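Asks: no sequence on this one, just coordinates:
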């Protein structure tokens, strides 16, 4: 799997805004992510998390799948 790291804006990191963003990613049989739905977590960071997951590439599979993803933003 190819994974893109989400952008963590400096202003949010310095303000110590962090948390976990939970997502559902729809993965097509060719391994590309076709849709990302935010299901929980810090809404300020959700856009960056979703944008990163949309760039991910999974191994090809026989059918479309839905993957649960959690991304953690730690301001330390």
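Replies: Received, thanks. Everything quoted here is computed from the prediction, not taken from an experiment.

Asks: mind listing the strands for the protein?
Replies: 19-27, 33-41, 65-73 (DSSP state E).

Asks: between the first one and strand 65-73, how many degrees?
Replies: Spelled out, it's strand 19-27. Strand 19-27 runs at 160 degrees relative to strand 65-73, counting by axes from the mean of the first three to the mean of the last three Cα atoms, to 10 degrees.

Asks: follow-up on the earlier one: can you redo the strands of the chain as a markdown table with distance to residue 2 and mean neighbour count?
Replies: Quick note: C-beta positions are derived from backbone N, CA and C, even for glycine. Below are these laid out as a markdown table (distance: least, Cβ to Cβ, whole Å; neighbours: other Cβ atoms under 10 Å):
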| stretch | distance to residue 2 | mean neighbour count |
| --- | --- | --- |
| strand 19-27 | 12 | 18 |
| strand 33-41 | 11 | 15 |
| strand 65-73 | 14 | 15 |
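
Asks: looking at the ones you listed, which is nearest to residue 55?
Replies: Closest of the strands of the chain to residue 55 is strand 33-41, at 7.6 Å (criterion: Cβ to Cβ).

Asks: okay, now the sheet partners of that closest one, with direction.
Replies: strand 19-27 (antiparallel) (DSSP bridges).

Asks: tell me how far the residue lying farthest from the centre of the chain lies from residue 31.
Replies: Distance from the C-alpha centroid of the chain, by Cα atoms, centre = their mean, peaks at residue 62 (22.8 Å). From residue 62 across to residue 31, the span is 12 Å (Cβ to Cβ, to the nearest Å).
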